[in-house]
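J.: give me the fold of what follows.
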Amino acid sequence: MNNAYLKSIFLSILIPTLNFAQEYYPLNTKKIQTVIYNFYSNGYPEIYFPLGMHCLLSVSAFGDSLDIEDGSRWKIAPSDASKVASWGSQDPLIITQNHDWFSRYNYRIINHATGGILLANLHLGPFQNGPFTRYILSINTILGEIVLTDHTRWRISALDNDAMSNWHVNDAIIIGYNTGLDTDCQGLLINVNENQHARAAQF
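T.: Residues are numbered from 1 along each chain as shown. Prediction:
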């Protein structure tokens with residue numbers, strides 16, 4: 001057997017084992033912590049998706065949560081647990097706001113391959129310093145502008161300026177799509193540390 005084949009077998013065993021060992025944080029905490037584990041190493045294949053689109057990494061055995069490529073974990077509404085059983089690894093996913101009134105879930109996760117929609121909440125932040133993890137590199141609260149570590153530049157919607165006032169450099173950001181008001185802002189920046197989101201336009 002060659003080294004590459006042995007390494008692929010090792011990673012297929014190691015990654016699920018480490019994933020099971022991750023520490024969970026309570027759902028009712030204001031600030032969701034980033035996970036310190038980084039399972040990626042040199043030679044592990046990278047997956048590229050358009051900005052704002054994500055890749056399904058894994059689904060829990062009970063269908064009550066899923067992980068995406070940056071390592072973040074999303075708790076799924078019990079009523080939607082059966083839907084995720086048909087979702088496949090590496091399916092392209094979109095994260096957007098949940099507009100349902102009186103719902104306990106802040107987001108909708110849409111499977112771009114199947115059209116399936118789940119209600120979900122962010123439960124764990126992404127891997128710390130992972131290859132797909134983005135952080136705020138600089139922030140200008142006067143102009144309402146943010147630069148991320150991937151060097152993308154964003155202007156926050158005037159409707160969400162109040163939310164941005166609590167954001168800081170080095171906060172982890174997950175990019176989604178805005179499906180609400182202010183159609184000039186197609187992006188949805190989800191601040192992991194503050195557990196809130198803001199609509200934004202890339203410029």
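
J.: okay, now the unreliable bits of this structure?
T.: By pLDDT under 70, the weakly predicted segments of the chain are 1-49.

J.: hmm, try it at 50
T.: 3-44 (pLDDT under 50).

J.: tell me the centre residue of it?
T.: Among the residues of the chain, the one closest to the centroid is Ile174, at 4.7 Å (CA atoms, centre = their mean).

J.: now find how far off-centre the helix or strand containing that one is within its chain.
T.: Using DSSP states H and E, Ile174 sits in strand 172-177. Distance of strand 172-177 from the chain centroid (CA atoms, centre = their mean, to the nearest Å) equals 6 Å.

J.: looking at it, the residue nearest to the centre of the chain is touching Phe127, isn't it?
T.: No - at 12.0 Å, Ile174 does not count as touching Phe127 under the criterion of CB atoms under 8 Å. Backbone N, C-alpha and C define where each C-beta goes, glycine included.

J.: pull up the overlap in contacts between the two.
T.: Applying CB atoms under 8 Å, 6 or more residues apart in numbering, one finds that Ile174 and Phe127 are jointly contacted by Asp70.

J.: quick one: the helix or strand Arg199 falls within to chain centroid distance?
T.: Counting by DSSP H and E, the element that carries Arg199 is strand 196-202. In terms of CA atoms, centre = their mean, the centre of strand 196-202 is set 14 Å apart from its chain centre.

J.: now do stretch 167-187
T.: With CA atoms, centre = their mean, you get 12 Å for stretch 167-187.

J.: what residues does stretch 103-117 touch?
T.: Here stretch 103-117 makes contact (CB under 8 Å, 6+ apart) with 53, 56, 66, 74, 76-77, 80, 83-84, 86-88, 91-98, 118-122, 176, 190, 197.

J.: who's Trp154 bridged to?
T.: Ile146, Gln202 (DSSP bridges).
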